[in-house]
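# Give me a 3D structure for the following:
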Amino acid sequence: AAPRRLPQQGAGHPQPVPTRIPVSWQLHLTEEEKRLLVQEGVTLPGTLPLTQTEERILKKVRRKIRNKQSAQNSRQRKKEYLDGLESRAAACSAQNQELRKKVEELEKRNGSLLRQLQALIKQTSNKAAQTSTCVLV
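Residues are numbered from 1 along each chain as shown. I've put the predicted structure just below:
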């Protein structure tokens, strides 16, 4: 970024420097940026423009903050995904248990019906074959 200059007054005469720094020239840092700058052992001036070195340091700090936020978001998405998988697995396990019980009941019923059928077959096979005569007219 090009350094900002004070506006000129009249015929090339510089305007007196105001005692109060304009808001647009103040460097606004978040608490997180301030904390990381302290960790880096760097203090930045409260006004703009910054030197190239100071700009690089500020960009590095802001990149670290973005990376940290991105990592937090990624962990949150992963947690939500895993929670979803766990609830789906629990639902599938419950359904599996119900289906196993149903299979067991149906196997018992099938066995009972099979025994009834075998008993009926046995009863009909024990009867003597009846002979009958058919007359054609």
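# Now for residue 29: which residues touch it?
37, 44 (CB atoms under 8 Å, 6 or more residues apart in numbering). In this view, the C-beta of every residue, glycine as well, is placed from N, C-alpha and C.
# Now it: phi and psi?
With angles defined as degrees, to the nearest 10, residue 29 shows backbone torsions of phi -120, psi 140.
# same deal with residue 27?
Backbone torsions for residue 27, taken as degrees, to the nearest 10, come to phi -90, psi 120.
# wait, it sits on residue 49?
No: using CB atoms under 8 Å, residue 27 is not in contact with residue 49; the gap is 9.4 Å.
# so residue 122 is in which element?
Using DSSP states H and E, the element containing residue 122 is helix 52-126.
# Counting neighbours, what do you get for residue 61?
A count of nearby residues for residue 61, using other CB atoms under 10 Å, gives 22.
# same question but for residue 122, I mixed them up
Burial measure for residue 122: 9 neighbouring residues, criterion other CB under 10 Å.
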